[in-house]
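> coords please:
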Amino acid sequence: MHENGLGGSALFFVDTDAKAGGPMEPLDRGYFGLIMRHTSFLRSLLAGALLCLAAPASAGPSIVIDAATGQVLSHDNAFQRWYPASLTKLMTAYVTFRAIQGGELELTSPIKVSKNSASEPPSKMGYKPGQVVALDNALKMLIVKSANDIATAIGENVGGSEQAFVARMNAEAARLGMTGSHFVNANGLHDVAQYTTAHDLAILARAIRTEFPQHASYFTIEALGAGKKVMKSNVDLLGRFDGADGMKTGFICPSGFNLIASATRGGRTLVAVVLGSRTPHLRAEQAADLLGNGFDKPPLMPTTLANIQPYGDGRDTASDMRPLVCEKPAKSEELQTRDAKGKPIFRSPYLHERNGPRRVVAVAPGGATGKMPLAFAVAVAAGEGPDVVDIPIPTPRPDYVASPAPADNAATARPTAKASQAGG
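The predicted structure follows:
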């Protein structure tokens, strides 16, 4: 018997007497059958082991933190590289909040849809090039509808160009200490060069919660109304988990179903990051269980986002969840999480029926009465803005002074491939 390194043992048979080129002695049929049976067993065992090594784990990375202190309450593969999908839009929102804080634009500032942003695939609002949305409504569409066209439009207007905005996203990630993340677009459409970790996303979520509490209401919205159309939030904990107050979902086939969820009870806010779930219902259940356990049990160790050390073999290689979430068996599994009327079935003890109808917030284009975003105005004046030939060059105010972009925002970003839809 010999240890096989796979958690068990196996028989290995070696012919030590056969000479090179010489005939082997005939084997007894029983002995030959024994060899064949064990050989078949070994091949099956090895194939299974290789499959397990190549396939993503059934439960993806996760982490739960206390938003106020940064204390880590639980974590599992928190440093494993993962595709963020539309969780990318949280960084888009964060960069925009920072720009508002810096006086570059206002919530009433115009966000103009360009030909480039209008061409983004769903999920999207579908506005035509040249239409204008107030930033306040654009942020609601970004966070609740997870609109890819609006995400790109925000990037172009806040950054002056999509590429410049992506550079700011990466600069902010570096400043926050998100060492396992890299961004190539503002919306989360799939690109192998766009990745993150549960640990880094917890840092980002905490930064949004602690630095910009005045914008927390964007994440609590349960649905948007655009004319007769109602667009529901995909954060299933809202209205179903006691104290739930946001934040964002994400989905592309390679990432699986991602979720960052927050909840507040007794003045204490916890944030859970769940990556790579196989269904949207499962990600909600996993997040609910993690948050529920976090509130129920006191932390056992003084581990924080700042002092937890990276761990995990192969953590710098992202898994591809496509076979598990976008092929026929996965679709059949998703159908099993709904009842005969199509109503979702949640099995977590921490989730309950909604207490009432969703609160719908109306959004529409127009209504932009504020100043043009600074970077966009500078880009247009220089003839470098998106669709610049269709936009009149603004006349600066007498006291207007264009400031150069900060040095740490000068990094260039890799071009993105719009090869996969991103949504919640």
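> which sections of the stretch 201-350 of the chain are below the confidence cut-off?
299, 301, 329-339 (pLDDT under 70).
> and if we set it to 90?
Counting by pLDDT under 90, the stretch 201-350 of the chain shows low-confidence ranges at 297-302, 327-347.
> could you show me where the strands are in it, in order?
Remark: strands assigned in the stretch 201-350 of the chain by DSSP state E, counting those that start in this stretch are 223-226, 229-232, 244-252, 256-265, 268-277.
> How about the contacts made by Ser146?
Ser86, Lys89, Ser123, Asn234, Lys248, Thr249, Gly250, Ala422, Gly423, Gly424 (CB atoms under 8 Å, 6 or more residues apart in numbering). Where C-beta positions appear, they are placed from N, C-alpha and C, glycine not excepted.
> That should have said Ala198, apologies.
So Ala198 contacts Pro61, Ser62, Ile63, His75, Asn77, Ala78, Phe79, Gln80, Trp82, Val273, Val274, Leu275 (CB under 8 Å, 6+ apart).
> Identify, from the residues you listed, the entry nearest to Arg322.
Trp82 (13.5 Å; CB to CB).
> residues near the closest one, how many?
31 (other CB atoms under 10 Å).
> partners of it in the sheet?
For Trp82, the beta-bridge partners are Thr196 (DSSP bridges).
> Now the two most distant members of the contacts of Ala198.
Across the contacts of Ala198, no pair lies farther apart than Phe79 and Val274, at 15.3 Å, counting by CB to CB.
> More neighbours: which of the two?
Under the criterion of other CB under 10 Å, the comparison of Phe79 against Val274 puts Val274 first, with 31 against 21.
> so the more buried one touches Arg283, yeah?
Yes: Val274 lies in contact with Arg283 (CB atoms under 8 Å); the separation is 5.1 Å.
> where do the contact lists of these two overlap?
Overlap of the contact sets of Val274 and Arg283 (by CB under 8 Å, 6+ apart) consists of Asn258, Leu259.
> with the contacts of Ala198 in mind, which one is nearest to Gly356?
The shortest approach to Gly356 among the contacts of Ala198 belongs to Val274, at 25.9 Å (CB to CB).
> so who does the closest one touch?
Gly60, Ser62, Ala198, Asn258, Leu259, Ile260, Ala261, Arg283, Gln286, Ala287, Leu290.
> Just the pLDDT at Leu45, thanks.
With respect to pLDDT, Leu45 has a value of 41.
> Can you list the low-confidence ranges for the stretch 51-200 of the chain?
For the stretch 51-200 of the chain (pLDDT under 90), the answer is 51-59.
> That one: strands as residue ranges?
62-66, 72-76, 110-112, 132-134.
> Identify whichever of these lies nearest to Lys341.
In terms of CB to CB, the element of these nearest to Lys341 is strand 62-66, at 30.9 Å.
> Neighbouring strands - and their directions - for that closest one?
Strand 62-66 has the following strand partners under DSSP bridges: strand 72-76 (antiparallel), strand 268-277 (antiparallel).
> Among those, show me which one is buried the most.
Highest mean neighbour count among these (mean count of other CB atoms under 10 Å): strand 268-277, with a mean of 26.
> before we move on, the earlier item: quick check: of the contacts of Ser146, which has the highest neighbour count?
That'd be Lys248 among the contacts of Ser146, by other CB under 10 Å, with 31 neighbours.
> That residue contacts Ile260, doesn't it?
Yes: counting by CB under 8 Å, Lys248 touches Ile260, with 5.3 Å between them.
> residues shared between the contacts of the two?
Shared contacts of Lys248 and Ile260 (CB under 8 Å, 6+ apart): Leu87, Leu90.
> Contacts only, for Asp76.
Applying CB under 8 Å, 6+ apart, the residues near Asp76 are Ala59, Pro61, Ser62, Ile63.
> neighbour-wise, which of those leads?
Ile63 (29 neighbours).
> all helices for the stretch 51-200 of the chain, in order.
With helices called from DSSP state H, counting those that start in this stretch, the stretch 51-200 of the chain shows them at 88-101, 115-118, 135-140, 148-159, 162-176, 198-211.
> List the buried residues for the first one?
Of the residues in helix 88-101, 88-100 count as buried by neighbour count, 16 or more other CB atoms under 10 Å.
> farthest-separated two in those residues?
Thr88 and Ile100, at 19.2 Å, using CB to CB across those.
> Return the member of the contacts of Val274 nearest to Val360.
Of these, the one sitting nearest to Val360 (CB to CB) turns out to be Ala261, at 20.7 Å.
> Make TSV from the contacts of Val274 and add distance to Phe376 to it.
TSV is the format used below for the contacts of Val274 (distance: CB to CB, whole Å):
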residue	distance to Phe376
Gly60	37
Ser62	38
Ala198	34
Asn258	30
Leu259	32
Ile260	29
Ala261	33
Arg283	36
Gln286	40
Ala287	36
Leu290	40
